[in-house]
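Asks: any chance you can model this:
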Amino acid sequence: MAGPDRQRLFADFERVELCSAELICGSGERMRHVYFPTDGIISLVTTLHDGSRLEVGSIGHEGMLGSSIILGVNTSAQHAIVQRSGTAWRLGAAVFQRHLRKNIVLCRLLNCYMYVLMGQLAQTTACSHYHQVRARLARRLLMNRDQVRGNQFHVTQEFLAHMLGVRRVGVTNAANSLREEGLIDYRRGAITILDGPALEEASCACYRGANDMYERALGSLSSPRPRRTHQASTRRTAHKLSD
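Replies: Residues are numbered from 1 along each chain as shown. The predicted structure is shown next:
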C-alpha cells in the first residue's frame with residue numbers, strides 16, 4: 001500500500017510500548033484498539049473454566065491484533081497477552097473501521113490475513129492434540145525466531161507451558177532434549193537457536209505448513225526466502241503497513 005491512502009493511515013497511528021506479561025485485552029472484552037507489533041510478540045490465550053491455559057496463536061511483526069474487527073465484531077475471543085516486550089503501531093477501533101470502508105487495498109490485504117490466521121488457529125489446535133511436546137516446542141521456538149527476526153529471545157518455562165498446554169516438567173524434558181542435541185542453548189529463560197535447519201527437522205510439519213499457508217495467501221507481499229536459513233524467516237502480513 002502506498003500513496004495518499006498510506007499517508008492517511010499512518011497519520012492516525014500512534015506508537016506504543018508493549019510490556020512483557022501485559023494483558024492487552026481479556027476474553028469477552030471490547031477491543032478499543034488494533035495493534036500492529038513491530039518487534040514484540042502478543043500471545044492469544046484461551047483459558048478454560050478450571051484455569052487451564054493454552055496459547056492458540058501468536059502475533060508478531062507479520063500480523064495484527066484485532067482482526068475480528070474486520071468482520072464487524074469488536075469483542076475479543078481470547079486473552080491477548082504480551083509474550084515479548086517491544087513496540088507496536090496502535091489505531092482506535094472506530095478509526096480502523098473507517099479506513100477499512102475507504103481503503104480497498106487495505107481491506108483486501110487484511111482479508112487475506114484473516115484467512116491465514118483462521119487456518120493457523122485450526123492447525124495449532126490439531127498440532128496440540130496429535131503431536132509430541134518436543135516437536136511442538138521446536139515449532140514454537142522457530143515461530144519465535146521468525147517473529148523477533150533473530151535467533152535469541154527470552155521466554156520462561158511457565159510461558160512455554162502455557163503455549164504448549166503441558167506441565168513445566170514436560171517443557172523441561174523437551175528443552176533438555178533439544179539442548180543435548182546442540183539445537184538450542186537454554187539458560188534461565190534465555191534461548192538461543194544454534195542450528196536452525198536441524199531445529200526445523202525436529203519440528204512437526206505444522207511449522208512449514210503454517211508458512212506455506214501464509215505464502216500462498218500473502219506471498220506477493222513478502223520478500224522471497226530460501227526454504228531453510230539460519231536467519232529469521234520472512235513471514236510477514238500486515239506489518240507491510242509499517243515497512
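
Asks: drop to CA atoms for contacts and neighbour counts, all remaining ones
Replies: Noted.

Asks: any buried residues in the helix or strand Glu201 falls within, and which?
Replies: Assessed by DSSP states H and E, Glu201 sits inside helix 196-202. Using 16 or more other CA atoms under 10 Å as the test for burial, helix 196-202 gives 196-200, 202.

Asks: can I get those residues in TSV with pLDDT and distance to Tyr130?
Replies: Formatted as TSV, the buried residues of helix 196-202 follow (pLDDT from 0 to 100; distance: CA to CA, whole Å):
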residue	pLDDT	distance to Tyr130
Gly196	96	23
Pro197	97	23
Ala198	98	21
Leu199	97	19
Glu200	97	18
Ala202	97	15
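
Asks: nearest to Leu121, of the residues you listed?
Replies: Ranked by distance to Leu121 (CA to CA), the buried residues of helix 196-202 are led by Glu200 at 20.0 Å.

Asks: tell me how far that closest one lies from Glu180.
Replies: As judged by CA to CA, to the nearest Å, Glu200 and Glu180 stand 16 Å apart.

Asks: and Met143, what element?
Replies: Going by DSSP H and E, Met143 is in helix 133-148.

Asks: contacts made by that helix with the rest, please.
Replies: Taking contacts as CA atoms under 8 Å, 6 or more residues apart in numbering, the residues outside helix 133-148 that touch it are 39-41, 59-62, 127-128, 151-153, 164, 166, 170-171, 174-175, 177-178, 196, 199-200, 202-204, 206-207, 232-235.

Asks: just the ones in helices from those, please.
Replies: Cross-referencing the contacts of helix 133-148 against helices under DSSP state H gives 127-128, 164, 170-171, 174-175, 177-178, 196, 199-200, 202, 206-207.

Asks: mark which of those are buried, thanks.
Replies: So, of those, 127-128, 164, 170-171, 174-175, 178, 196, 199-200, 202, 206-207 end up buried under the neighbour-count rule (16+ other CA under 10 Å).

Asks: wait, which of those residues is closest to Gly28?
Replies: Leu164 (22.5 Å).

Asks: my guess is that closest one meets Leu54, correct?
Replies: Yes. The pair Leu164 / Leu54 is scored as a contact, 6.4 Å apart, by CA atoms under 8 Å.

Asks: buried sites along the worst-scoring helix or strand of the chain on mean pLDDT?
Replies: Ranked by mean pLDDT, DSSP states H and E, the weakest helix or strand in the chain is helix 4-12, scoring a mean of 83. Residues of helix 4-12 classed as buried: 5, 9 (neighbour count, 16+ other CA under 10 Å).
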